[in-house]
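A.B. asks: Show me the folded form of this:
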Amino acid sequence: LCKYAATGMFRELYGAHQKLNAAYQNLDAHHQRLLAIQKTQLKAMSKMKKIKLKEISQIKENKLKEISQIKQNQLKEMSQIKDELQELKLQEARHKGIIEGYEKLNKIRQPTQKKSKKRSRPSS
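C.D. replies: You can find the predicted model right below:
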């Protein structure tokens, strides 16, 4: 009887051991699936990070190009303004020269006009 009881207990113990083993295998398989998922997630995150870095780099490059273009436009405008200012200075100098020429002409004419008036008085 003891022998049968021991055999029965052994069979129960062995069955429990097999169930426990199966549970461990299921747990291990589940763990492996989780690790695979985690690995996939890490790869995806790495790719997303690379994509984001590329996007940020592209945005930065575009902004630098935009700033460079704005600077070039400002330099062109400043150059045009300098040219216009130089032209205005030349025009001012020409006008001054013309005005001074007229003033000299008027100074030369004024004494002759006064003389002619004086001459005209005695003859009348």
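A.B. asks: Show the model's pLDDT score for Ile67.
C.D. replies: Ile67 carries a pLDDT value of 97.
A.B. asks: Neighbours of Leu13, how many?
C.D. replies: Around Leu13 there are 10 other residues, counting by other Cβ atoms under 10 Å. No exception for glycine: its C-beta is placed from N, CA and C like everyone else's.
A.B. asks: Let me know the helix or strand that it is in.
C.D. replies: Using DSSP states H and E, Leu13 sits within helix 2-123.
A.B. asks: Show me what that helix packs onto, helices and strands only.
C.D. replies: With contacts defined as 3 or more Cβ pairs under 8 Å, 6 or more residues apart in numbering; DSSP states H and E, there are no secondary structure elements packing on helix 2-123.
A.B. asks: where's the most centrally placed residue in the chain relative to Ile108, distance?
C.D. replies: Against the mean C-alpha coordinate of the chain, by Cα atoms, centre = their mean, the closest residue is Lys63 at 1.7 Å. Note on Lys63: its distance to Ile108, by Cβ to Cβ, to the nearest Å, is 67 Å.
A.B. asks: Repeat that for Lys49.
C.D. replies: Taking Cβ to Cβ as the measure, Lys49 and Ile108 are separated by 87 Å.
A.B. asks: Also Tyr24?
C.D. replies: According to Cβ to Cβ, Tyr24 stands 124 Å off from Ile108.
A.B. asks: One more: Met48?
C.D. replies: In this structure, Met48 lies at 89 Å from Ile108, with Cβ to Cβ as the measure.
A.B. asks: Then Glu12?
C.D. replies: When distances are taken as Cβ to Cβ, Glu12 and Ile108 turn out to be 141 Å apart.
A.B. asks: do the same with Lys39
C.D. replies: With distances taken as Cβ to Cβ, Lys39 is found 103 Å from Ile108.
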